[in-house]
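*Asks:* Here's a sequence, model it:
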Amino acid sequence: MSGIYIHIPFCKQACHYCDFHFSTSLKLKNELVEALQKELFLRKEEGNSEAVETIYFGGGTPSVLDISKLQALIKTVYKYYHVCENPEITLEANPDDLTDENIFKNYQSIGINRLSIGIQSFFDQDLKLMNRAHDANEAKRCLESVKKYFDNISIDLIYGIPGMSVARWLENMETALSFEVPHLSCYALTVEPKTALHHFIKKGIVQTPDDEMVQLHFRALTETLEKHHFIHYELSNFGKEGFFSKNNTAYWLGKKYLGIGPSAHSYDGLSRSWNVSNNRLYINSLKENNLPSEKEILTQKDRYNEAVMTGLRTIWGVSFNKVKTDFGSHYLDYLMQQAKPHLQNKLLCIEKNLHSPELSRLITTQKGKFLSDGIASDLFLLNDKPLFQ
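*Replies:* Below is the predicted model:
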């Protein structure tokens, strides 16, 4: 098992674009932490004594938890699971929770060694549109402080925001780079159903994101970070050598992981499970020693399609050998047949290994990166009928 993801479903306020599971009420915080510990205990056998390489606190906003709660959860993982030496322990945090420098020392003292900070933008007009809880000055002060204590830092930025010019997006990146952070996660603003942003766009209060501008932002992003020696190792993720997210990389490479907390997903290679997206139901179920989850067994089609989707989003691509070994030679033939138009249009290419042809792989070109999800869907199997050899 590569890692354990722990979902902390609390936020100070709701960002207008977010459709993740969270609550702005913190009154269940203590009960929720107890329930998370109970779930970790009840699922300890799922670890199968495999080493846990990463612990990831996501959300929501995990930095709303005080240090004692985070420490209790980390201790619970160590108590019931085999944790490798020097695991990557990541905490997602918002700048408004990182105003006191003592917090960084406290995080270090309990084993947290990587921070993922939700900056999103260094411009107040963008932050107000997204309803973020911090302002641009807080974001900058936060990064000035965190650099004194942590080397392994990631920040989130959002592009494609209505009204954002290419020049403003470039300035956002230059500001981020001035703090010498070794990892950036950069996402196009997505309008999700039932979010405040979706409502504002329907009412004409906010403009619809411009697809052409989004692509210009993406091009500026990839060109700028390449000049600064970042490796574009996944569609939305850029890291300096040695600073890729181990947690996220394991997911994209199809490794097993355990998801703890309301709405969290788990994957064991053959099945996927997910917890109820309701804090009270989650807590009450765990009080009764019941796991509040559903499970699905992944079909051959599901596993093949996921391998194609995650592979094309990364620098590792889709391994010919893995497709042939995991699914059979007919699946590799199918993959290559479906890929032909995209190879001809130079959206995909074959990275050949001259010494070991079976280690060759299918990857997106620079031109095809932004379109990788759509390209992947063209390579999918559309039904569950196996491609028999």
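*Asks:* CA only for contacts and neighbour counts going forward, please
*Replies:* Will do.
*Asks:* can you pull the contacts of residue 102?
*Replies:* If you count contacts by CA atoms under 8 Å, 6 or more residues apart in numbering, residue 102 has none.
*Asks:* Paired strands for the strand or helix carrying residue 53, with orientation please.
*Replies:* According to DSSP states H and E, residue 53 maps onto strand 52-59. Here strand 52-59 is paired, per DSSP bridges, with strand 3-8 (parallel), strand 83-93 (parallel).
*Asks:* Tell me where the model's unsure across the protein.
*Replies:* Residue ranges of the chain with pLDDT under 70: 1, 354, 357-358, 385-389.
*Asks:* what ranges do the helices span in it?
*Replies:* Secondary structure of the chain (DSSP state H): helices at 29-42, 67-80, 102-109, 124-130, 136-146, 166-178, 196-202, 211-227, 246-252, 279-287, 300-312, 320-327, 329-344, 372-379.
*Asks:* among those helices, which is nearest residue 21?
*Replies:* Proximity to residue 21, assessed across the helices of the chain by CA to CA, is greatest for helix 279-287 (9.2 Å).
*Asks:* Show me what the closest one packs onto, helices and strands only.
*Replies:* Here helix 279-287 touches helix 29-42, going by 3 or more CA pairs under 8 Å, 6 or more residues apart in numbering; DSSP states H and E.
*Asks:* Comparing the helices of the chain, which comes out most buried?
*Replies:* With neighbours defined as mean count of other CA atoms under 10 Å, these peak in mean count at helix 300-312, which reaches a mean of 20.
*Asks:* Extract the CA atoms of that helix and return them as PDB.
*Replies:* What follows is helix 300-312, C-alpha atoms only, in PDB (Å, rounded to 0.1, in the frame of the first residue of the first chain):
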ATOM      1  CA  GLN A 300     -11.200  -5.300 -17.100                       C
ATOM      2  CA  LYS A 301     -12.500  -2.300 -19.100                       C
ATOM      3  CA  ASP A 302     -12.400   0.000 -16.000                       C
ATOM      4  CA  ARG A 303      -8.800  -0.900 -15.200                       C
ATOM      5  CA  TYR A 304      -7.600  -0.600 -18.800                       C
ATOM      6  CA  ASN A 305      -9.300   2.800 -19.200                       C
ATOM      7  CA  GLU A 306      -7.900   4.100 -15.900                       C
ATOM      8  CA  ALA A 307      -4.400   3.000 -16.900                       C
ATOM      9  CA  VAL A 308      -4.800   4.900 -20.200                       C
ATOM     10  CA  MET A 309      -6.200   8.000 -18.500                       C
ATOM     11  CA  THR A 310      -3.600   8.300 -15.800                       C
ATOM     12  CA  GLY A 311      -0.700   7.300 -18.100                       C
ATOM     13  CA  LEU A 312      -1.400   9.900 -20.700                       C
END
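*Asks:* List the contacts of it.
*Replies:* Helix 300-312 is contacted from outside by 252-254, 270, 317-319, 323, 327, 362-364, 372-373, 376-377, 379-386, using CA under 8 Å, 6+ apart.
*Asks:* now with 7 Å?
*Replies:* Contacts to helix 300-312, defined as CA atoms under 7 Å, 6 or more residues apart in numbering, come from residues 252, 317-318, 363-364, 372-373, 376, 380-381, 383-384.
*Asks:* Same check on stretch 340-360?
*Replies:* For stretch 340-360, using CA under 7 Å, 6+ apart, the contacting residues are 319-321, 361-365, 367-368.
*Asks:* distance between the ends of that stretch?
*Replies:* Using CA to CA, to the nearest Å, one end of stretch 340-360 lies 16 Å from the other.
*Asks:* Okay, buried residues for it please.
*Replies:* Neighbour counts over stretch 340-360 (16 or more other CA atoms under 10 Å) mark 342-343, 347-351, 360 as buried.
*Asks:* Looking at these, which is nearest residue 160?
*Replies:* For those, the nearest to residue 160 is residue 347 (22.2 Å; CA to CA).
*Asks:* Can you tell me the closest non-neighbouring residue to the closest one?
*Replies:* Among residues not flanking residue 347 along the chain, residue 368 sits closest, at 4.1 Å (CA to CA, 6 or more residues apart in numbering).
*Asks:* From residue 321, how far out is that neighbour?
*Replies:* Taken as CA to CA, the span from residue 368 to residue 321 is 22 Å.
*Asks:* How about residue 227?
*Replies:* Going from residue 227 to residue 321 by CA to CA gives 33 Å.
*Asks:* before we move on, what about residue 127?
*Replies:* Look at residue 127 and residue 321: by CA to CA, they are 45 Å apart.
*Asks:* ditto for residue 53
*Replies:* Here residue 53 is placed at a distance of 26 Å from residue 321 (CA to CA).
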